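# Generate a structure from the sequence data that follows.
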Amino acid sequence: MTDRSVSWTDSQSVATLLARVAPARRTKPETRLAALASAGTPAASAARPLPAALGAPLTSNNKPARPKAVPRLQQTSDNPSDRLDALVAWALDNYPCTGAFVADDNGLTLGAHGISEAHVSLVGPLLSALVSVRSIPGIDASSGALWLGAHMMSWVEARNQRGGFCLGTVGQEPLSTRELAQLKEALEITIRGL
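Here you go, the predicted structure:
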């Protein structure tokens, strides 16, 4: 018997490779402002306080803006293709994403817009993997987010008598729990008639 793990990866080699390709660490905005203030530079006196949620849009009084209310999806057609197109368009209009897709639990992409062919090709294997993950007690894989290179893919899943369906978005950041719940509700409304 050897001392090596049955794993196909060597943790030392992986750590070395990651260190080599990782971008240079950036300092947090608070750290830079503190450094400017301690240096007594003119830029420090002009610096405005950071919002409570970094990156949140600001109102005129420098407070983070409240998230906009997302209208509930209204499906007006009985045609499955129209329903899926309306769902994808609604997701693109109401969430910070550059692309959206709908797929079934076999990995077949039923509708997509603003998403690359490479991302579409990942949908099938991802959904197949989630079927296995769901079999682990205590793990809910019906929603989540996953980094795909420089983009974040967020997804929700809903089921009906015909099987499972997934609605996903691709953007710069993961969707919040509240946003994922809204997506799931819209997906459930859409697949009710399929």
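
# From now on I want contacts and neighbour counts done on CA atoms only, so please keep to that.
Fine.

# Now do the contacts for Arg134.
Contact analysis of Arg134 by Cα atoms under 8 Å, 6 or more residues apart in numbering lists Asp140, Ala141.

# what's the answer for Pro96, then?
Gly171, Gln172, Glu173, Leu175.

# again, only using 6 Å
Residues counted as contacts of Pro96 (Cα atoms under 6 Å, 6 or more residues apart in numbering): none.

# Could you give me the buried positions within the longest helix seen in the chain?
If each helix of the chain is counted by residues according to DSSP state H, the longest one is helix 117-134. Residues of helix 117-134 classed as buried: Val120, Val123, Gly124, Leu127 (neighbour count, 16 or more other Cα atoms under 10 Å).

# before we move on, what about stretch 138-154?
Quick answer for stretch 138-154 (16+ other Cα under 10 Å): Ala141, Ser142, Ser143, Gly144, Ala145, His151, Met152, Met153, Ser154.

# circling back to that earlier point, what's the first helix or strand after the longest helix of the chain?
strand 143-148 (DSSP states H and E).

# Can you find the helix or strand in this protein with the smallest mean pLDDT?
Within the chain, no helix or strand scores below helix 42-46, which has a mean of 40 by mean pLDDT, DSSP states H and E.

# Not counting its own residues, what contacts the host helix or strand of Ala89?
Using DSSP H and E, Ala89 sits within helix 80-94. For helix 80-94, contacts defined as Cα under 6 Å, 6+ apart pick out Ala100, Leu194.

# Just after that helix, pick out the following helix or strand.
Heading C-terminal from helix 80-94 (DSSP H and E), you reach strand 99-104.

# and Trp90, how far is that from Gln75?
10 Å (Cα to Cα, to the nearest Å).

# Leu194 too?
With Cα to Cα as the criterion, Leu194 and Gln75 are 12 Å apart.

# Tyr95 too?
Between Tyr95 and Gln75 the distance is 18 Å, computed by Cα to Cα.

# what does Leu167 give?
15 Å.

# quick one: which of the two has more around it?
A direct count of neighbours by other Cα atoms under 10 Å for Leu167 and Gln75 places Leu167 higher, at 29 against 16.

# ok but that one is inside a helix, no?
No. Secondary structure of Leu167 (DSSP: H, G, I helix; E, B strand; the rest coil): strand, not part of a helix.

# Begin at 42, not 1, for the rest of this chat.
New numbering, starting at 42: the last item is Leu208.

# My guess is it contacts Val197. True?
Yes. Using Cα atoms under 6 Å, Leu208 is in contact with Val197, at 5.5 Å.

# The helix or strand harbouring Ala222 versus helix 121-135: what angle between them?
Ala222 is part of helix 218-232, with elements assigned from DSSP H and E. Counting by axes from the mean of the first three to the mean of the last three Cα atoms, to 10 degrees, helix 218-232 lies at 160 degrees to helix 121-135.

# Tell me, how many residues neighbour Gln213?
The local packing of Gln213 (other Cα under 10 Å) involves 13 other residues.

# For it, give me phi and psi.
The phi/psi pair for Gln213 (degrees, to the nearest 10) reads phi -90, psi -20.

# I'm done for today, thanks for sticking with me.
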